[in-house]
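Trainee: sequence and predicted model, in that order:
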Amino acid sequence: MSTIALDRGVRHGLALAWRGVLKIRKNPEQLVDVTIAPIILLVMFTYLFGGALAGSIDSYLQMLVPGILVMNILQASMTAGVQLNTDVSKGVFDRFRAMPIARSAPLVGAVLADVVRYVVSVVVLLIIATVMGFRVQTGPVELLIAAGLAIVFGLCFCWASVFVGMLLKTPQAVQGIMIVLIMPLTFGSNVFVGTSTMPGWLKAWADISPVSLLSDALRGLLNGGAIAAPLTGSLVWMVAAVAVFFPLAMWAYRRRV
């Protein structure tokens, strides 16, 4: 019976994910935050601070691009919570309740639909970075693994956004809270600078931050270098994020609707 229920939930979740993809296709401006914003960050930090921080724009670009990939995916993950909150506010979930679908399908569908946003963000950023001079030092297999890891990272951590989206009353509040949570997480990491010059308390956190660990894993995959330790730490964080926030999101969903 549980297998049947799982299959039903997956099928319904995929159907609602397609609904989300169609919304993106009809309103491509929804992709501005995962295309234009990271490009601005990449260009600004590379040309303004690259020489001062790394002594060379080229070497800084090699260090920065994997970190920006992680930062961009994490920021893109907050969209699921905002859109779900919007659907609740507009009464869309009242219609879902009247349909014979799995209870978790609307949440799963919103999360899976975000894969399109993650893929677009990764592809666009890598294209712009290549034009600016970034070069993959390993190979196409490592590049695909790095892109896949970044996308899975977004899928895992977007459950935090879903939880907040189900908990708060307005989309504006969801977006505000997620920005407050994401900004310290991304800037308190090794995305832009190494951790060696940070104060002790900040360095201790930055060294084990999920953003820092995945950035180091992607640097190893794209530039060459150690992969095992940061990759293991990243996977632990991903599993923990799903284990904590998926049940919380489902609890908040049942409480809200």
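Mentor: Arrived safely.
Trainee: the stretch 101-250 of the chain: helices as residue ranges?
Mentor: Secondary structure of the stretch 101-250 of the chain (DSSP state H, counting those that start in this stretch): helices at 105-132, 140-167, 171-187, 200-208, 210-223, 228-256.
Trainee: out of the ones you listed, which is the most enclosed?
Mentor: Across the helices of the stretch 101-250 of the chain, averaging neighbours per residue (mean count of other C-beta atoms under 10 Å) puts helix 210-223 on top, at a mean of 25. From N, CA and C alone the C-beta is placed, and that goes for glycine too.
Trainee: counting contacts, what elements does it pack onto?
Mentor: Helices and strands touching helix 210-223, by 3 or more C-beta pairs under 8 Å, 6 or more residues apart in numbering; DSSP states H and E, are helix 57-76, helix 140-167, helix 171-187, helix 228-256.
Trainee: among these, which is nearest L125?
Mentor: helix 57-76 (6.1 Å; C-beta to C-beta).
Trainee: which ones are touching the closest residue to V119 other than its chain neighbours?
Mentor: By the measure of C-beta to C-beta, 6 or more residues apart in numbering, the closest residue to V119 outside its immediate chain neighbours is I151, 6.7 Å from it. For I151, the contact set (C-beta atoms under 8 Å, 6 or more residues apart in numbering) comprises 73, 115, 118-119, 122.
Trainee: now render the helices and strands packed on helix 210-223 as a markdown table, adding distance to G91 and mean pLDDT.
Mentor: Formatted as a markdown table, the entries for the helices and strands packed on helix 210-223 read as follows, by distance: least, C-beta to C-beta, whole Å; pLDDT from 0 to 100:
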| stretch | distance to G91 | mean pLDDT |
| --- | --- | --- |
| helix 57-76 | 26 | 91 |
| helix 140-167 | 15 | 92 |
| helix 171-187 | 14 | 89 |
| helix 228-256 | 13 | 92 |
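Trainee: to L221, which of those lies closest?
Mentor: Closest among the helices and strands packed on helix 210-223, once you apply C-beta to C-beta, is helix 140-167, at 4.1 Å.
Trainee: now that closest one, how far from the chain's geometric center?
Mentor: Put simply, helix 140-167 sits 4 Å off its chain's centre (C-alpha atoms, centre = their mean, to the nearest Å).
Trainee: measure I127 to G165 for me?
Mentor: If you measure I127 against G165 using C-beta to C-beta, to the nearest Å, the figure is 31 Å.
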